[in-house]
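J.: Here is my input, please return the structure:
(chains A and B)
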Amino acid sequence: MPSKSSDTRPRASWGLKLAAFGTLLFLHFPMWIIFLYTFTPDETTYTFPLPGFTTKWFGVALQRADLWRSLTLSLQVASVATAAALILGTFAAAAVYRSNFFGRESISFLLLLPIALPGIVTGIALRTAIGGLDIPFSFWTIVIGHATFCVVVVYNNVLARFRRTNATMIEASMDLGANSFQTFRHVVLPNIATALLAGGMLAFALSFDEVIVTTFTAGQQTTLPIWIFSQLSRPRDRPVTNVVATIVILITFLPIFIAQKISAGSSETEGETK
Amino acid sequence: MLNRISTYFYQRPKLVLALFLAPPMLYMLVVYLGSLFSLLINGFYSIDDFTGIIVREFTMRTYTQVFNITNREIVFRTATMALVVTIVDALIAFPLAYYIAKFASPRLKTWLLIAVTIPLWSSYLVRVYAWKLILAKEGILSWFINLFNLTGALEWLLGLPGIGGSSLSLSPIGMFIVFVYIWLPYMIIPIQTALERVPGSLLEASSDLGARPSQTFRTVILPLAFPGVVAGSIFTFSLTLGDFIIPLTLGNSKFFIGQAVYSYQGTGGNIPLAAAMTMGPVVIMVLYLLIARRLGAFDAI
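T.: Numbers count the residues shown, from 1 in each chain, chains lettered A, B, ... in the order given. Down below sits the predicted model:
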C-alpha cells in the first residue's frame, strides 16, 4: 500500500550507490593528492609513493616575495571586482524584480553571456577593445574584465531572494511612515543580506581563481592564477607550487562552503550556473 | 529633506527604474558588448606580413585564413574533443544525479549537493594541476597501473596514433580525462535539477500501469531528464571549446582552438587572426544554443 512522501522513497540498488559514490570520490580525490604532495621532499619529479616526509616547503614558500605580491594582487583584484559586482548585480536584480518592462529577459541573457561564452572570447574581445583604445593594461583592466562575469552571480542570488521576499513588507514599512531610504535600510537590506553574502563570496572565489580572461587583460601584473599557470606548462618550482595550490584550496574553500550552506539552507537553487 | 527626496522618487517609478538599470546596463553594453563588437571588427583587419603591424583596413583576408587547412583541422579536433567529453560526462554524471534527485534523504541530499558544487567553484587551475601530479610518468596512476601489471595495456593505449603520446600527462588521452573531470559538476547539477522535477506520482502511475522498473526508467525518467542533459552539455561543450589551459598543460603540438588563439595573439602578435579564429567558437555556440533551446534545455538550467 503506497503511503505518503518520504516513506515511498525507493531504495537505491547497490550498483547505483556504487556508481554515485564512486563519482563523488572521483570529484574529490585529486584535491587530496595535492595535500599529500605538499609534504614530499622530492624537488624535481612527482614520484609516488612519496620518498619521505617534510614540511620545509611551507617555509620556503613563505620566503618568496613574488608569491606574496601575486597573492596580494589577486586578493585586491577579487575585492574590487566583487564590490563592483555587488553594486551592479543588486541594481540589475532590483530593476528586474520591481517592474515588468520590455526587454527584461534580454537583461538576464546579457548578464549571463560572459559565462555562457567560452572565457577566451571575453578575454580576446576585451584585449582588442583595450588595445584599440590605447588604454594601458593595468590593475584596472583586470578588474574590468573580472567584473563582467562576476555580476551575474550576485544578480542570480539577489534576484532569487527578492522573488521570495514578501512585497507587502515593503508596503507596510512605507505605510507606517518610513521613507524609501529607511525602508531600504531596515527592511530590504536585512532581507537580502545573506543573498549578498553568498553572491559576493562566490564572485570573490570566481575572480580570485580566474586565469583565462586575466591572461588577456593583464599587462605585466602577475596574479596568483597566472603564476600557477606559468608553473603548469613549465614547472620550475614544483614544491612551492604544491604549497600554493594547497593555500588556494584553503582560501577558496571557506567562502564557497559558507555560500553553499547559505543557499542550501534556504533551499534556493542559486549559484548553480557558474 | 530625505523624506522629500524619497517622495520625489516614489512618485516617479520609471525614473527609479532607469536609475537602477543604468549602471549595470551601461557597463554590460559598453564594456562587454562593445568589446565583442571590437572583436568582430578586428577580424576584418589584417597584419602586414613584413612589419607585423596591424593594418586597420577592411579586408576578408584574415577570415579566409581561418578556413585554411591547419585551422580547419584545429576546429574539427576541438569540436570532436568537446563532443566526446560531453557524452562521457553525461554518462558519468547521470547515476550520481539520479541518486541525489530520487534516492537520497533530504539531509543527505543537502550534503551531496554541497559536495558536488564545491569542486565546481573551487580553483580550476589547482584541479588541473592535481591531474598533472596524478598522470605524471612517475606519479600515482602509473604506480597503480604497475601494481596491477597493466603497464602493457597503458603502453598499447599510448601507442595508438592520434590519441597517444609519450606519457599520460602529455597526450590527448590525458587531456580527455582532465576535461571530463573538470567539467563534470556542470553536467551533474542540471540533470539533477531536471530529475528533481519529475513527480514521484508519475513514477508510481507508471508502475501501477504495469511497467517494470527498467521500463519506467527508459520511457519516463530518461526522456524527462534529457533537457537537463542538454543544459549540462551547453557548459561542457562550450567550456571545452574555448579552453587553452588544459591543452597547453597536457597537450602536444597538435593545437586546439583556445591554444591557437592564445599563440596567435601572444607569440604571433597577430591579433586580427586571433580575433577571427575566436568567432569559430562563437558561431558554434550560437548554433548549439539555438538547438538546445528547441530541445527545452533552458527550462532545466
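J.: Against which helices or strands is the strand or helix carrying B:Ala115 packed?
T.: According to DSSP states H and E, B:Ala115 maps onto helix B:106-121. Judged by 3 or more CB pairs under 8 Å, 6 or more residues apart in numbering or on different chains; DSSP states H and E, the packing partners of helix B:106-121 are helix A:14-37, helix A:189-209, helix A:238-265, helix B:69-102, helix B:172-196. Any C-beta I mention is one placed from the backbone N, CA and C, and that applies to glycine too.
J.: Buried residues in that helix, which are they?
T.: B:109-110, B:112-113, B:115-121 (16 or more other CB atoms under 10 Å in any protein chain shown).
J.: Give the phi and psi angles for B:Ile47, as a check.
T.: phi -120, psi 140 (degrees, to the nearest 10).
J.: What spatial separation is found between it and B:Met279?
T.: 17 Å (CB to CB, to the nearest Å).
J.: Between those two, which is the more surrounded one?
T.: B:Ile47 (20 against 15; other CB atoms under 10 Å in any protein chain shown).
J.: Contact partners for the residue of the stretch 51-200 of chain A found nearest chain B?
T.: Ranked by CB to the nearest CB, the top residue of the stretch 51-200 of chain A for proximity to chain B is A:Pro118, at 2.1 Å. Residues near A:Pro118 by CB atoms under 8 Å, 6 or more residues apart in numbering or on different chains: B:238-239, B:241-243, B:258, B:281, B:285.
J.: burial measure for the residue lying closest to it once chain neighbours are set aside, as a count.
T.: Spatial nearest neighbour of A:Pro118, excluding adjacent residues (CB to CB, 6 or more residues apart in numbering or on different chains): B:Gly242 at 2.1 Å. The tally of other residues near B:Gly242 (other CB under 10 Å) stands at 28.
J.: OK, contacts around B:Gly242?
T.: Contacts of B:Gly242 (CB under 8 Å, 6+ apart): A:117-121, A:212, B:257-258, B:281.
J.: got it, and A:Asp237?
T.: A:Asp237 is in contact with A:Gln231, counting by CB under 8 Å, 6+ apart.
J.: Apply 6 Å and report the result again.
T.: Taking CB atoms under 6 Å, 6 or more residues apart in numbering or on different chains as the contact definition, A:Asp237 lies against nothing.
J.: Show me what counts as buried in the longest helix seen in chain A.
T.: Secondary structure of chain A per DSSP state H: the longest helix is helix A:65-98. Residues of helix A:65-98 classed as buried: A:67, A:70-71, A:73-75, A:77-78, A:80-97 (neighbour count, 16+ other CB under 10 Å).
J.: Determine whether any part of it lies close to chain B.
T.: Yes: Helix A:65-98 comes into contact with chain B (CB under 6 Å from any CB of the partner chain), by way of A:88, A:91-92, A:94-95.
J.: Report the closest residue of chain B relative to chain A.
T.: Nearest residue of chain B to chain A (CB to the nearest CB) works out as B:Gly242 at 2.1 Å.
J.: before we move on, back to that, need the helices and strands packed on helix B:106-121 in CSV with mean neighbour count and distance to B:Arg294, can you?
T.: Listed next are those as CSV, based on neighbours: other CB atoms under 10 Å in any protein chain shown; distance: least, CB to CB, whole Å:
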stretch, mean neighbour count, distance to B:Arg294
helix A:14-37, 16, 29
helix A:189-209, 22, 30
helix A:238-265, 20, 30
helix B:69-102, 19, 17
helix B:172-196, 24, 16
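J.: quick one: which of those helices has the weakest pLDDT on average?
T.: Here the lowest mean pLDDT among the helices and strands packed on helix B:106-121 goes to helix A:238-265, at a mean of 82.
J.: Just the CA atoms from the helix holding B:Ala115 would do, formatted as PDB, please.
T.: The C-alpha trace of helix B:106-121 is given here as PDB (Å, rounded to 0.1, in the frame of the first residue of the first chain):
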ATOM      1  CA  PRO B 106      16.700  15.300   2.400                       C
ATOM      2  CA  ARG B 107      19.600  15.600   4.800                       C
ATOM      3  CA  LEU B 108      22.000  13.600   2.700                       C
ATOM      4  CA  LYS B 109      20.800  15.500  -0.400                       C
ATOM      5  CA  THR B 110      22.000  18.800   1.100                       C
ATOM      6  CA  TRP B 111      25.400  17.400   1.800                       C
ATOM      7  CA  LEU B 112      25.700  15.700  -1.600                       C
ATOM      8  CA  LEU B 113      24.800  18.900  -3.400                       C
ATOM      9  CA  ILE B 114      27.400  20.800  -1.500                       C
ATOM     10  CA  ALA B 115      29.900  18.000  -2.300                       C
ATOM     11  CA  VAL B 116      29.200  18.400  -6.000                       C
ATOM     12  CA  THR B 117      29.200  22.200  -6.000                       C
ATOM     13  CA  ILE B 118      32.500  22.700  -4.100                       C
ATOM     14  CA  PRO B 119      34.700  21.400  -6.900                       C
ATOM     15  CA  LEU B 120      32.600  23.400  -9.300                       C
ATOM     16  CA  TRP B 121      33.500  26.700  -7.600                       C
END
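J.: Could you give the separation of it from the chain centroid?
T.: Distance of helix B:106-121 from the chain centroid (CA atoms, centre = their mean, to the nearest Å) equals 20 Å.
J.: Between helix A:189-209 and that helix, find me the angle.
T.: Angle of helix B:106-121 versus helix A:189-209, following axes from the mean of the first three to the mean of the last three CA atoms, to 10 degrees, is 50 degrees.
J.: for helix B:106-121, what is the average pLDDT?
T.: Rounded mean pLDDT across helix B:106-121 is 87.
J.: And the contacts of it?
T.: A:24, A:27, A:205, A:256, A:260, A:264, A:274, B:100, B:104, B:185, B:188.
J.: so where is the chain shaky, pLDDT-wise?
T.: The chain I'm using is chain A. A:1-10, A:101-102, A:264-274 (pLDDT under 70).
J.: nope, chain B please
T.: B:297-301.
J.: Who are the contact partners of the spatially most central residue of it?
T.: Taking CA atoms, centre = their mean, the centroid of chain B lies closest to B:Leu239, which sits 2.4 Å from it. B:Leu239 sits next to B:Trp183 when contact means CB under 6 Å, 6+ apart.
J.: what about the closest residue to A:Tyr97 other than its chain neighbours, how many residues close to it?
T.: Take A:Tyr97 and drop its neighbours on the chain: the residue closest to it by CB to CB, 6+ apart is A:Phe162, 4.1 Å away. Residues contacting A:Phe162 under the criterion other CB under 10 Å number 19.
J.: Let me know the helix or strand that A:Phe162 is in.
T.: helix A:139-164.
J.: Going by neighbour count, list what's buried in that helix.
T.: Buried, per 16+ other CB under 10 Å, within helix A:139-164: A:141-162.
J.: Please list the residues of the stretch 101-250 of chain A that sit near chain B.
T.: Contacts of the stretch 101-250 of chain A with chain B, taken as CB under 6 Å from any CB, map to A:110, A:118-121, A:124-126, A:128-129, A:132, A:148, A:179-181, A:205, A:209, A:211, A:225, A:228, A:232-233, A:245, A:248-249.
J.: ok, and the closest non-adjacent residue to B:Val220?
T.: B:Ser206 (5.1 Å).
J.: tilt between the helix or strand containing the one you found and helix B:69-102?
T.: For B:Ser206, the host element (DSSP H and E) is helix B:200-208. Orientation of helix B:200-208 against helix B:69-102 (the same axes, to 10 degrees) gives an angle of 80 degrees.
J.: in the helix or strand just after helix B:200-208, what's buried?
T.: Scanning forward in sequence from helix B:200-208 by DSSP H and E, the next helix or strand is helix B:213-216. Of the residues in helix B:213-216, B:Thr216 count as buried by neighbour count, 16+ other CB under 10 Å.
J.: Please see if helix B:213-216 touches chain A.
T.: No: shown here: helix B:213-216 not in contact with chain A (CB under 6 Å from any CB), separated by at least 8.4 Å.
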